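Visitor: no letters, just coordinates:
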Ligand SMILES: [Zn+2]
Ligand SMILES: [Zn+2]
């Protein structure tokens, strides 16, 4: 048994050191690897396969709302990046610059896109002329680069993968609607597919996107009580349109500026999956996103007929879910801990005695529950079990999240919670940036959002300065 | 009718000016647009949708052969690029260099990947230790950058999209097998999906990939008689493994170098689709790759019941193919020429009289043939017509290709063909690079490949120098 335990023992427990536990899971579940380029990661097959599933499902949902995919250049000329003042201030300090092409110095520096608002604006300026050309609802899947100083697998790296949607509309109302529509799409995706409950809300002025009129966000709570911004949707109003001169002739024959939005989700969602669902045996993937949903593991596979039966089971399961067979020459115990480490939602154990009895044992990754399933009920029972796991994982994450929301009525309470109780802090805010700055500086806590659904007035005064306050804010330490 | 003709009249005819015809189609079919970055393109929805279908189908075929997808960093440190001598010589003159990250000069220049052999080698060096770790059969979908001086939509641009497969194997035989397997996969894909016949063969030493032991290629013939290299597969032997030190412990407990391959296909395939199948009314897409396969166009759509019926037809067709309805307020004639320009394989015309007669008219894009189809046979007939178009398009392209293969037995014949007869030239070669160089310099003709299937000895002497020759080479002017 010594060998079988190795895989598991190599992981730091999350209670002991959450950050180290996270890194261990990332490595041992073979999700990513470091590269020779500092701060840039390699997505290994198990990690990239999760991203492929995220892409497939998000892309399907996008297209149902009329989104069309395009691909824009990787480079942005410096002069183009500079056109919108707030935007360039926000991004210029953290971009990578190409200064040489082939053997020649470039006449103008090009930055590697940190985001593509400026490119889309330049594009829309050329293709939008009449109200008939609107709306434009484009999206691209690509990588972006931000020259971060400190990096962390999936959560913060110098290059990451994402999708960025960019839309142009005739009216302010339509832009606002699209912004909210995409935020809701993101929230539904997180909750239904990733089994991660989120809080929808608006960012404060301090925390909004560089150049946006309003930024909306979905915020999730990790197992350690830290928040993770999991998707954002920005309403630009006509700010970029004015900076770039994107105008159209309306039905009444007058020239008007378009109204724009952008919205994005990134590979940090993989980090969220790890930190919301993982445990001390490794990754736990919700069935809806798991690249492999059921791993068939034969017991005593050298015995006649076992491997054949296992392959038959895999084949039958393959018709109703994403199933694989582990017929390697490792021991069953080793295979179990590998399947657990990789977060595969169920394993299907099948040995000579099971075959004789016409059954197999389905073991849930999330609860370890062992469920005997008659072989002739495989195609019905396994999908049912997967759906139950999906539902239970969401409920468990929600219960954990809800148990880690604390109310603060004054600064002392706020400070005590920030220092001792991991989770979201509900606290009223006077809408003065100075209070946000103070809280961030003294407690390393930031305003996560002003929630849509929860607008309770838990007090009349600001949790920081004590002045009158009407806005409820969710605060938290964040990744 | 004046308005209806505009779309069509705006295209230069291909007989008059093929290059201008090509550019016109690219623009009018809305496949791409130029960006503010010289030499970089914008893939518009109609162009990107073709790439998405290419990806989906190729990726499916890859995975059937055991390929796993990964994602490697965008940047390569200069020292890493330099590790394999031939490779760096081939690529260094045409890469873009990042020299600044954020506000700081970088300690080492990073090139934006022109291809990722060096990154994969660096990765494999770290993860391959034992024969149990082999083979590694990885692929990535990404963009690459090559600082070309002259660019052309889809065919040559500073940034393009592609997939690059990179594999590591225990033996030379296995690497060779994988190289050929992927070349055959590419050829099947081109012929079955893109309806483009290809010639499979090996590149000469002069034309092979920088750092490869052998490069295999599929070569297609465009409508103007020029060749287009449409996919390549490289066998590296253990050259890169030695340069990077990628060794594994074999079963016999000795250290051995791995053997590697790489293979790629790019967005230039979209250029091939245009130039093989297009005509003077625009793009013609083979049904297997067309994002929209059938466009339903109502006639007299203001008449009661017409739009409803058209929508019903679209819905029914949507279950058996990719169907769309054009219910915009343009005239039918305008819609016809738009559908033709965009290369949609069939349009389904449906007016009040058709509805009364319980039929519709299916018009083939490739032949203009009008086929009456009873409405209750829609789901059977339209897919049949699409399959017929697919088959016919391949046959037509093959006939055209075969009619443009010429034999040259000496330099005079070769020169005459090169100057007067567009197409492939079959000619024997002495295997001396000097002859290749001379032919390229004097006639702008290059060796396309030494074909696998066609090994006829059409003469005993080199078509250039007249010395003894045993190798049949396909020559041609190429994009
Ligand atoms: Zn305050
Ligand atoms: Zn010769």
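Guide: Okay, I see it. Remember, it's a predicted structure, so these values are computed and weren't measured experimentally. Ligands and ions are numbered 1, 2, ... in the order given.
Visitor: mind checking which helix or strand the residue in the stretch 301-450 of chain A that chain B sits nearest to is in?
Guide: Proximity of the stretch 301-450 of chain A to chain B (C-beta to the nearest C-beta) peaks at residue A:328, 9.2 Å away. Yep, even glycine has a C-beta here, placed from its N, CA and C like the rest. Secondary structure from DSSP states H and E places residue A:328 outside every helix and strand.
Visitor: count the neighbours of the nearest residue to it once chain neighbours are set aside for me.
Guide: Closest residue to residue A:328 apart from its sequence neighbours, by C-beta to C-beta, 6 or more residues apart in numbering or on different chains: residue A:335 at 7.3 Å. For residue A:335, the count of nearby residues is 22 (other C-beta atoms under 10 Å in any protein chain shown).
Visitor: residue A:335: what secondary structure?
Guide: Residue A:335 falls in the helix class when you classify it by DSSP: H, G, I helix; E, B strand; the rest coil.
Visitor: so it makes contact with residue A:326?
Guide: Yes: when contacts are counted by C-beta atoms under 8 Å, residue A:335 is listed as touching residue A:326 (4.9 Å).
Visitor: quick check: neighbours shared by the two?
Guide: Residues touching both residue A:335 and residue A:326 by C-beta atoms under 8 Å, 6 or more residues apart in numbering or on different chains: A:295, A:297.
Visitor: ok, longest helix in chain A?
Guide: Assignment by DSSP state H gives helix A:378-402 as the longest helix of chain A.
Visitor: what helices and strands are in contact with that helix?
Guide: Contact partners of helix A:378-402 among helices and strands, from 3 or more C-beta pairs under 8 Å, 6 or more residues apart in numbering or on different chains; DSSP states H and E: strand A:214-221, helix A:268-277, helix A:306-318, strand A:346-350, strand A:359-364, strand A:370-374.
Visitor: save those as a markdown table, and put in mean neighbour count and mean pLDDT too.
Guide: Shown next, in a markdown table, are the helices and strands packed on helix A:378-402 (neighbours: other C-beta atoms under 10 Å in any protein chain shown; pLDDT from 0 to 100):
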| stretch | mean neighbour count | mean pLDDT |
| --- | --- | --- |
| strand A:214-221 | 25 | 98 |
| helix A:268-277 | 24 | 98 |
| helix A:306-318 | 17 | 98 |
| strand A:346-350 | 25 | 98 |
| strand A:359-364 | 20 | 98 |
| strand A:370-374 | 13 | 98 |
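Visitor: distance check, residue A:462 against residue A:456.
Guide: 15 Å (C-beta to C-beta, to the nearest Å).
Visitor: give me the contacts around whatever helix or strand comes next after the longest helix of chain A.
Guide: Following helix A:378-402 in sequence order, the next helix or strand is strand A:405-407 (DSSP H and E). When contacts are defined by C-beta under 8 Å, 6+ apart, strand A:405-407 is touched by residues A:413, A:417, A:421, A:423, A:424, A:425, A:426, A:427, A:458, A:474.
Visitor: swap in 7 Å and give it another go.
Guide: If you take C-beta atoms under 7 Å, 6 or more residues apart in numbering or on different chains as the criterion, strand A:405-407 is touched by A:417, A:421, A:423, A:424, A:425, A:426, A:458.
Visitor: swap in stretch A:25-32?
Guide: A:7, A:10-11, A:41-44, A:46-47, A:153-154, A:270, A:274, A:278, A:282-283, A:341-343.
Visitor: same thing but at 6 Å, please
Guide: A:41, A:43, A:44, A:46, A:47, A:153, A:274, A:278, A:282, A:283, A:341, A:342 (C-beta atoms under 6 Å, 6 or more residues apart in numbering or on different chains).
Visitor: please name the residues that touch the second one.
Guide: I take that to be residue A:43. Shown in contact with residue A:43 (C-beta under 6 Å, 6+ apart): A:32, B:70, B:71.
Visitor: one more pass at 8 Å, please.
Guide: Residues in contact with residue A:43, defined by C-beta under 8 Å, 6+ apart, are A:31, A:32, A:51, A:161, A:267, B:70, B:71, B:72.
Visitor: looking at these, which are in strands?
Guide: A:32, A:161 (DSSP state E).
Visitor: quick one: which of the contacts of residue A:43 has the most company?
Guide: Within the contacts of residue A:43, most neighbours by other C-beta under 10 Å means residue A:31, with 28 neighbours.
Visitor: tell me how chain A divides into domains.
Guide: Per automatic domain parsing, the structural domains of chain A span A:2-277, A:294-387, A:405-476.
Visitor: pLDDT of the last one, averaged?
Guide: Looking at domain A:405-476 alone, the average pLDDT works out to 97.
Visitor: re the thing from before, same list, the helices and strands packed on helix A:378-402, but as a markdown table with distance to residue A:118 please.
Guide: Shown next, in a markdown table, are those (distance: least, C-beta to C-beta, whole Å):
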| stretch | distance to residue A:118 |
| --- | --- |
| strand A:214-221 | 17 |
| helix A:268-277 | 23 |
| helix A:306-318 | 46 |
| strand A:346-350 | 47 |
| strand A:359-364 | 48 |
| strand A:370-374 | 54 |
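Visitor: now distance to ligand 2 too, for these, in JSON lines please.
Guide: Shown next, in JSON lines, are these (distance: least, C-beta to the ion, whole Å):
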{"stretch": "strand A:214-221", "distance to ligand 2": "68"}
{"stretch": "helix A:268-277", "distance to ligand 2": "57"}
{"stretch": "helix A:306-318", "distance to ligand 2": "56"}
{"stretch": "strand A:346-350", "distance to ligand 2": "64"}
{"stretch": "strand A:359-364", "distance to ligand 2": "68"}
{"stretch": "strand A:370-374", "distance to ligand 2": "71"}
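Visitor: out of those, which is closest to residue A:22?
Guide: helix A:268-277 (6.3 Å; C-beta to C-beta).
Visitor: which other helices and strands contact the helix or strand just after the closest one?
Guide: Next along the chain after helix A:268-277, taking DSSP H and E as the criterion, comes strand A:294-298. If you count contacts as 3+ C-beta pairs under 8 Å, 6+ apart, strand A:294-298 packs onto helix A:306-318, strand A:323-325, helix A:332-341, strand A:346-350.
Visitor: who does the last one pair up with?
Guide: Think strand A:346-350. Strand A:346-350 has its sheet partners listed here by DSSP bridges as strand A:294-298 (parallel), strand A:359-364 (antiparallel).
Visitor: which residues touch the longest one?
Guide: Spelled out, that is strand A:359-364. Applying C-beta under 8 Å, 6+ apart, the contact partners of strand A:359-364 are A:294, A:313, A:336, A:345-350, A:354, A:369-375, A:378, A:381-382, A:385, A:389.
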